[in-house]
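A.B. asks: need a structure here:
(chains A and B)
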Amino acid sequence: MIELQALTKRYGSKTAVDHLSFSVRPGVVTGFLGPNGAGKSTTMRMILGLDNPTSGDVTIDGKHYAQLSDPFTYIGALLDAKAMHGGRSAYNHLLCLAQANRIPRARVDEVLETVGLTAVAKQRSKGFSLGMGQRLGIAGALLGDPKILMFDEPVNGLDPEGIHWIRNLMKSLAAQGRTVFVSSHLMSEMALTAEHLIVIGRGQLLADTSMADFIEQNSRSYVRVRTPQPEQLKDALAVAGLTPVEVEDGSLELQDADTAKIGELAAANQLVLHELSPQRASLEEAFMRLTAESVEYHAGVPSEAGQPAGQQPEGPSAPAWGAAWQEQQDKKQKKGKS
Amino acid sequence: MAAPSAVLQSEWTKVRSVRSTVWTLVAALGATVVISGLLCLLTNVQWKNIDEGGRATFDPTTTSLSGLILGQLALIVFGVLVISSEYSTGMIRTSLAAVPQRGTFYAAKVAVTGVLALVVGMSTSFLSFFIGQALLGSHNTSISDTGVLRAVFGGGVYMTLMVLFAVGVATILRSPMLSLGILMPFFFLISPILAAVPGAKIVARYFPDRAGSKIMQVVAVDDGRPYGPWTGLLIMAAWVAAALIGGYVSLKRRDA
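C.D. replies: You can find the predicted model right below:
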């Protein structure tokens, strides 16, 4: 169990992590979600005692990280894929970590096998691809057979095969009863793997909820109607006991309504409809709405933050993130042309 | 608490598993022995051209260790890389996650580096001495003469201290380029130049290399250094202690 109590980290006048309190419970995959710059990595570094908190406290099973004897046997972490000396072979990299934590040498071969790096064990990690480096980092996290695993953006920059591999690995680790704490800025990724969700933005806690609750609360469905006669339609809807919400572009949105019923209502009142469509807000949208105000760098977020355009319907109210993303796309296109 | 022996083992694996360890140490030994040997050979061949004064103050031991001026640069690279490569590669975060007791981590690294430097330093010093004496022909000295063993042994200690000084400085500075950019010119240029400048030399004689190298002198010459060989080595050791403590404080306080 990882517990944070009012954990705070300031760099000069900038607050990276702001009175963060939550706990990561054992036996489930907990997703740690937030836009880039939200303070996820800083939080994880403080959990490992790499960065000192400005104030507040973080403990693992009631102890500070530095108080753990042979910490890798309690908690294994992958912070960034390239936190290793490129001149050292994969085997020796793992061996020096194993020795420091009194883990038997045979375990090095085991984890190399687990991550599929046995064939390149004697090669220097300098020549490894990002995916291989990521696997080696994960091998290091698994070395001590720890009860708690922590991964910082493990799928970042990986190809689909690598993403698939890591997703399955996390699920199997959790199935073995381990605590898995994984950060991401992709809601869609979390929806596939996490059971519990912690969302932060600008270093502050925005949500601490089970994934099921989050989906129930946030994946609302609604019907979008566009008409040149909005006033008449509103009156007609009011008679039927429905109150639409008017959206900026002039269309009307109706929560949990039935398209057939609205179509019939319009026909009965002889109203022209330009659009009548069922909509479903995606989890990604819900996440964006949650974090919209706390996005740190609107135009500066790396492209992974945005989803390919086709993957999500235009949300009813996610202007901040959407605008930022749009800006980026424009920039990228300009860059590509020049 | 991490077991000190386990951390020592881990640090030994680290230092032996990167190529820079081998090439810096081989370069240190090679450069020292070759340059010392050449100088001894040259002295032997040119002996008749050396004047009386030169012959009177001729120190066969110092001459056979003179290649250290270059060899020590390779040792500085070794000492700097041992710690700064942890920072430049990002390995430090993995290392400190494995051994969160930073004092233990640092002590183990310093110990492993120091022992390795001592072994290489002693080998270099003795090898350089014996090859040099063989090449000096009739102008040589013997290891059993007064002060000679102290000087050769001291040469090995000097090299070890130089490595540890580099470790301490690099722990404070973290960046390999910055550390090398300060240490190399300092020991290769600034210190020797200041030692020859009137006024500045009063200060320069207390620099770590100037003080420490006194131990390698056998024939007494008036070089203005107001301390004996062992005191000189102690002054150097004080510099090393300061650098290592500075490194410890920096490592302990700063975020990794």
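A.B. asks: now the strands for the stretch 201-338 of chain A?
C.D. replies: With strands called from DSSP state E, counting those that start in this stretch, the stretch 201-338 of chain A shows them at A:204-210, A:221-226, A:245-246, A:252-255, A:275-280.
A.B. asks: the second one pairs with which strands, parallel or anti?
C.D. replies: To tie it back to what came earlier, the one meant is strand A:221-226. Note on strand A:221-226: by DSSP bridges, its sheet partners are strand A:252-255 (antiparallel), strand A:275-280 (antiparallel).
A.B. asks: tell me the bridge partners for residue A:209.
C.D. replies: Beta-bridge pairing for residue A:209 (DSSP bridges): residue A:197.
A.B. asks: next one, pLDDT for the residue of the stretch 201-338 of chain A found nearest chain B please.
C.D. replies: Going by Cβ to the nearest Cβ, chain B is nearest to residue A:203 of the stretch 201-338 of chain A, at 15.8 Å. Heads up, the C-betas are built off the backbone N, CA and C, glycines and all. pLDDT recorded at residue A:203 is 91.
A.B. asks: contact partners for it?
C.D. replies: Taking Cβ atoms under 8 Å, 6 or more residues apart in numbering or on different chains, we find residue A:203 in contact with A:8, A:9, A:15, A:16, A:17, A:18, A:20, A:38, A:39, A:42.
A.B. asks: point me to the residue of the stretch 101-250 of chain A nearest chain B.
C.D. replies: Closest residue of the stretch 101-250 of chain A to chain B, Cβ to the nearest Cβ: residue A:102 (5.0 Å).
A.B. asks: tell me which parts of chain A are close to chain B?
C.D. replies: With Cβ under 8 Å from any Cβ of the partner chain as the criterion, chain A meets chain B at residues A:45, A:48-52, A:65-66, A:68-72, A:77, A:79-80, A:82-89, A:92, A:95-97, A:99-102, A:140.
A.B. asks: of those residues, keep whichever come out buried.
C.D. replies: Among the residues of chain A next to chain B, those buried by neighbour count (16 or more other Cβ atoms under 10 Å in any protein chain shown) are A:45, A:48-51, A:65, A:68, A:70-72, A:77, A:79-80, A:82-89, A:92, A:95-97, A:99-102, A:140.
A.B. asks: just the ones of those in strands?
C.D. replies: residue A:77 (DSSP state E).
A.B. asks: show me the buried ones among the residues of chain A next to chain B that map onto helices.
C.D. replies: Of the positions in those, A:45, A:92, A:95, A:96, A:97, A:99, A:100, A:140 sit in helices, assigned by DSSP state H.
A.B. asks: can you list the residues you listed in JSON lines and add pLDDT?
C.D. replies: Formatted as JSON lines, these follow (pLDDT from 0 to 100):
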{"residue": "A:45", "pLDDT": "95"}
{"residue": "A:92", "pLDDT": "97"}
{"residue": "A:95", "pLDDT": "97"}
{"residue": "A:96", "pLDDT": "97"}
{"residue": "A:97", "pLDDT": "97"}
{"residue": "A:99", "pLDDT": "97"}
{"residue": "A:100", "pLDDT": "96"}
{"residue": "A:140", "pLDDT": "95"}
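A.B. asks: now those as JSON lines including distance to residue B:120?
C.D. replies: Putting those into JSON lines (distance: Cβ to Cβ, whole Å) gives the following:
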{"residue": "A:45", "distance to residue B:120": "36"}
{"residue": "A:92", "distance to residue B:120": "21"}
{"residue": "A:95", "distance to residue B:120": "23"}
{"residue": "A:96", "distance to residue B:120": "21"}
{"residue": "A:97", "distance to residue B:120": "26"}
{"residue": "A:99", "distance to residue B:120": "23"}
{"residue": "A:100", "distance to residue B:120": "24"}
{"residue": "A:140", "distance to residue B:120": "30"}
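A.B. asks: quick one: the longest helix along chain B to helix A:90-100, angle?
C.D. replies: The residue-count maximum for a helix in chain B (DSSP H) belongs to helix B:102-136. Counting by axes from the mean of the first three to the mean of the last three Cα atoms, to 10 degrees, helix B:102-136 points 120 degrees away from the direction of helix A:90-100.
A.B. asks: pLDDT weak spots in the chain?
C.D. replies: Let's take chain A. Per-residue confidence for chain A (pLDDT under 70) gives these ranges: A:293-338.
A.B. asks: not what I meant, chain B
C.D. replies: Residue ranges of chain B with pLDDT under 70: B:1-2.
A.B. asks: for chain A, what are the nearby residues on it?
C.D. replies: Contact residues, chain B versus chain A (Cβ under 8 Å from any Cβ): B:1-3, B:6-7, B:9-11, B:13-14, B:17-20, B:85-86, B:89-101, B:255-256.
A.B. asks: what sits against residue 152?
C.D. replies: Just going to use chain A. A:40, A:41, A:44, A:77, A:78, A:79, A:80, A:183.
A.B. asks: not quite, go with chain B.
C.D. replies: Per Cβ under 8 Å, 6+ apart, neighbours of residue B:152: B:61, B:65, B:125, B:126, B:129, B:143, B:216.
A.B. asks: what helix or strand does it sit in?
C.D. replies: Residue B:152 is part of helix B:148-173, with elements assigned from DSSP states H and E.
A.B. asks: quick check: domain ranges of chain A?
C.D. replies: For chain A, automatic domain parsing gives the domain ranges A:2-216, A:221-280.
A.B. asks: picking that back up, counting contacts, what elements does the longest helix of chain B pack onto?
C.D. replies: Here helix B:102-136 touches helix B:4-16, helix B:19-45, helix B:60-64, helix B:68-89, helix B:91-98, helix B:148-173, helix B:229-253, going by 3 or more Cβ pairs under 8 Å, 6 or more residues apart in numbering or on different chains; DSSP states H and E.
A.B. asks: how distant is that helix from the center of its chain?
C.D. replies: Counting by Cα atoms, centre = their mean, to the nearest Å, helix B:102-136 is centred 8 Å from the centre of its parent chain.
A.B. asks: same question, stretch B:186-199
C.D. replies: 17 Å.
A.B. asks: follow-up on the earlier one: so which of the contacts of residue A:203 wins on neighbours?
C.D. replies: Using other Cβ atoms under 10 Å in any protein chain shown as the neighbour test, those are led by residue A:17, with 28 neighbours.
A.B. asks: now for whichever strand or helix holds it, which elements pack on it?
C.D. replies: Assigned by DSSP H and E, residue A:17 belongs to strand A:14-24. Packing contacts for strand A:14-24, counted by 3+ Cβ pairs under 8 Å, 6+ apart, involve strand A:2-11, helix A:40-47, strand A:55-60, strand A:196-201, strand A:204-210.
A.B. asks: list the contacts of residue 120.
C.D. replies: Picked chain A for this. Taking Cβ under 8 Å, 6+ apart as the test, what residue A:120 contacts is A:90, A:128, A:132.
A.B. asks: ah, no, chain B please
C.D. replies: Counting by Cβ under 8 Å, 6+ apart, residue B:120 makes contact with B:25, B:28, B:29, B:75, B:159.
A.B. asks: and it, how close does it get to residue A:37?
C.D. replies: According to Cβ to Cβ, to the nearest Å, residue B:120 stands 47 Å off from residue A:37.
A.B. asks: one more: residue B:252?
C.D. replies: When residue B:252 is compared with residue A:37 (using Cβ to Cβ), they lie 28 Å apart.
A.B. asks: re earlier: let me have the contacts of residue B:152 in JSON lines, extended by distance to residue A:213 and neighbour count.
C.D. replies: Compiled in JSON lines, the contacts of residue B:152 are given as follows (distance: Cβ to Cβ, whole Å; neighbours: other Cβ atoms under 10 Å in any protein chain shown):
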{"residue": "B:61", "distance to residue A:213": "81", "neighbour count": "27"}
{"residue": "B:65", "distance to residue A:213": "75", "neighbour count": "32"}
{"residue": "B:125", "distance to residue A:213": "71", "neighbour count": "29"}
{"residue": "B:126", "distance to residue A:213": "74", "neighbour count": "16"}
{"residue": "B:129", "distance to residue A:213": "77", "neighbour count": "28"}
{"residue": "B:143", "distance to residue A:213": "81", "neighbour count": "14"}
{"residue": "B:216", "distance to residue A:213": "75", "neighbour count": "27"}
